[in-house]
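> this one's sequence-less:
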Ligand SMILES: Cc1cc2nc3c(=O)[nH]c(=O)nc-3n(C[C@H](O)[C@H](O)[C@H](O)COP(=O)(O)O)c2cc1C
Ligand code: SF4
Ligand code: FES
Ligand code: FES
């Protein structure tokens, strides 16, 4: 789903997404700005300047207002994601069960913190301040579309390495994507 | 096998009689589902169980029943995290049995009755062979389900299931039988207090909304749930979206509002999907729109989603977010019931508050006031985090003790973990210790000792957690989530984090303790909104409950739990970095 840096954002797709937003008046148009940005962020993994300009034009607002929103709401990114996208839960169950060690280990091993992408473009990490809702298996991460629970720094590293390896393998042989939600190990 | 098709609501109903006929058909269909000669397998599919492989279990059930007289249906998770993935098997002439902690390859054996040791309980008063009634299980025994009555029972994507189980009957009453005043009188009599944290009486808020003169008026349901310590509202959405929608629609009619909103946290895709589906089906049936069921009343509806900013749970910030700007609170007055969305009167309630409304309207305010304690009526959804055995979401009467919750409902501590404390009120209050566990859980009792019921999310922590580091985590959360609008919160919280870091690194001094007290006082007294006004509470609570740990860091240069990087020269991250 999320596109990587190489893919860029196909503006025709953005226009298509926007065509489903049909505000009746200016008030409703303003109410739809966030929804529109969410849809683009979800589809491409981030919102580029060009995409933001299309939203601004479609909903009769300015690109500056949109930038203000993209930088206020934590779910938005303005840069592409890496090939893998990981949400690291830092809610309270995860904290009391040791998520801080995972955050530290990612920094030590991969040099990435909240919002960062590894230099090789493989992994983007987003630390989630809320709760991902799988507290009984804390600490947990959501890597691409799968959840992994009861993690330690070492098992998390395993999970990441396996995902990267599996993806590389599929790129060579062109079989099923790893983030098939039915092959869910957590 | 037939996979149960959720009959889409096709026909628009244009009168009360048509709705009642529809409900009768739905009830018959529901009854025949359970009385037939087939096996009915219900699989709990929620975002929590999907994370644990419930979709594989669902697929395995479908495969196993192929070519047999059986139905596989989807329900939502039932709050019992500890038994996921689970299924319920209703065999002909037997009450339904729940099996838990299943993997897909076990399904054929479970369905064939060869894995009875995996049964958690039977939905009946009496045991079924060796299988005990589900209601005798400690996790379920203390529960009284009003809001969760249909959760894990109905297919959340089926408006027909919901209506068969009573959905929209209270709405009908408010549309046709009660005036706005009368409906609000029931709410006032129930003494229902807001479930979003502050506990404000819902009846009083609705009455101000009803009396507000400006037009149009709005009702907004606050389903943001951005706190790090709770997962209740998204489960109501996933399990019984029609109950929430009905509560909002009742509020609209009773207060005379033209439009209802539900603002759902953007992190909960399944909650959003199922709620949107519910709105679509209700629109198609004619429960939303112009001249609803021929009552002459109109009501419109909009769903909006959040973007991962905790502050957007605050009422005025939420409304700015709906209006497409940054969610930054404003000074009050005017209150939202006077000037809310688009400067029009707006009644805002938490999801759980609104989900209680249909039953209050149907059964009366007095009935509801008979549940709970003197000042905290009804039930409360509560969630638990930390190293406990049978974790999950429960609905219990107000006034239950923390000890019953921890030791019985949530199964006690896991092996190797010793109870150290329980954080209450999320990021807005302090922790409680062993000696507080016999307090009743309600709006007032916990507050007296520095805790808080808040939204009902509790986090138990053990000997591996350091009070200083935990205080740092909680303060750093508020620092990160500060909207930056006002100075005391924007600069005060980073200052507290800085001092705490000093202490964590073993470089604190004794004067840091009064310094944190003073800084906190500034933040509490001068901040504009509820975030800043309570942001230092967790830190102050940790200092009060665990003073010896703060002193150990400062005076002895040790972290008793071995968590803090005392005397470390390396760059070590802390929670919230
Ligand atoms: C920082 C902050 C965050 C809040 N987050 C929520 C939330 O996620 N959900 C909620 O219902 N109320 C939240 N509230 C409380 C709301 O401001 C408001 O009191 C509540 O939604 C009113 O509904 P109720 O009376 O039914 O509780 C928050 C308040 C503050 C100050
Ligand atoms: S107290 Fe904090 S969150 Fe509230 S308005 Fe001020 S800066 Fe924003
Ligand atoms: S706190 Fe991480 S899943 Fe709930
Ligand atoms: S079982 Fe779904 S809430 Fe945990």
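Looks like it came in fine. No experiment lies behind these values; they were computed from the predicted model shown. Ligands and ions are numbered 1, 2, ... in the order given.
> Are stretch A:16-26 and chain B in contact anywhere?
No. Stretch A:16-26 does not reach chain B (C-beta under 8 Å from any C-beta of the partner chain); its nearest approach is 10.4 Å. Quick note: C-beta positions are derived from backbone N, CA and C, even for glycine.
> Using the three-state scheme, assign residue B:308.
What DSSP: H, G, I helix; E, B strand; the rest coil gives for residue B:308 is coil.
> Secondary structure element holding residue 139?
As the question left the chain open, I've gone with chain A. Assessed by DSSP states H and E, residue A:139 sits outside every helix and strand.
> that answer is for a different chain, and I need it for chain B
helix B:138-141.
> Likewise for residue B:422?
Going by DSSP H and E, residue B:422 is in strand B:419-423.
> Can you give the contact residues for that strand?
Strand B:419-423 is contacted by residues A:92, B:229, B:386, B:402, B:406, B:413, B:430-434, B:437, B:458-463, B:465, B:467, B:470, B:474, B:538, B:545-546 when judged by C-beta atoms under 8 Å, 6 or more residues apart in numbering or on different chains.
> now chain B, which segments are flagged as low pLDDT?
Low-confidence segments of chain B (pLDDT under 70): B:1-10, B:569-577.
> domains in it, as residue ranges please.
Domain ranges of chain B: B:36-134, B:167-369, B:379-462, B:469-556, per automatic domain parsing.
> Residue ranges in chain A under the pLDDT threshold?
In chain A, residues with pLDDT under 70: A:1-7, A:172-186.
> near ligand 2, which residues of it?
Contact residues, chain A versus ligand 2 (C-beta under 6 Å from any ligand atom): none.
> Got the phi and psi for the residue nearest in space to the middle of chain B?
Nearest to the mean C-alpha position of chain B, by C-alpha atoms, centre = their mean, lies residue B:232 at 2.0 Å. In terms of degrees, to the nearest 10, the main-chain angles of residue B:232 are phi -100, psi -50.
> Could you tell me how far the spatially closest residue to it that is not a sequence neighbour is located from ligand 4?
Excluding the flanking residues, the one nearest residue B:232 by C-beta to C-beta, 6 or more residues apart in numbering or on different chains is residue B:381, at 4.2 Å. Residue B:381 sits 10 Å away from ligand 4, going by C-beta to the nearest ligand atom, to the nearest Å.
> quick one: residue A:79 is in a strand?
No. Residue A:79 is assigned coil when assessed by three-state DSSP, not a strand.
> my guess is it meets residue A:116, correct?
No. At 9.8 Å, residue A:79 and residue A:116 do not qualify as touching, with contact defined as C-beta atoms under 8 Å.
> if we can go back for a sec, got the contact list for the helix holding residue B:139?
Applying C-beta under 8 Å, 6+ apart, the external contacts of helix B:138-141 come out as B:80, B:82, B:121, B:134, B:135, B:390, B:392, B:394, B:408, B:409, B:410, B:411.
> Can I get those in JSON lines including neighbour count and secondary structure?
Below are the contacts of helix B:138-141 laid out as JSON lines (neighbours: other C-beta atoms under 10 Å in any protein chain shown; DSSP: H, G, I helix; E, B strand; the rest coil):
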{"residue": "B:80", "neighbour count": "25", "secondary structure": "coil"}
{"residue": "B:82", "neighbour count": "18", "secondary structure": "helix"}
{"residue": "B:121", "neighbour count": "22", "secondary structure": "strand"}
{"residue": "B:134", "neighbour count": "22", "secondary structure": "helix"}
{"residue": "B:135", "neighbour count": "14", "secondary structure": "helix"}
{"residue": "B:390", "neighbour count": "19", "secondary structure": "coil"}
{"residue": "B:392", "neighbour count": "25", "secondary structure": "coil"}
{"residue": "B:394", "neighbour count": "27", "secondary structure": "strand"}
{"residue": "B:408", "neighbour count": "17", "secondary structure": "helix"}
{"residue": "B:409", "neighbour count": "24", "secondary structure": "helix"}
{"residue": "B:410", "neighbour count": "27", "secondary structure": "coil"}
{"residue": "B:411", "neighbour count": "17", "secondary structure": "coil"}
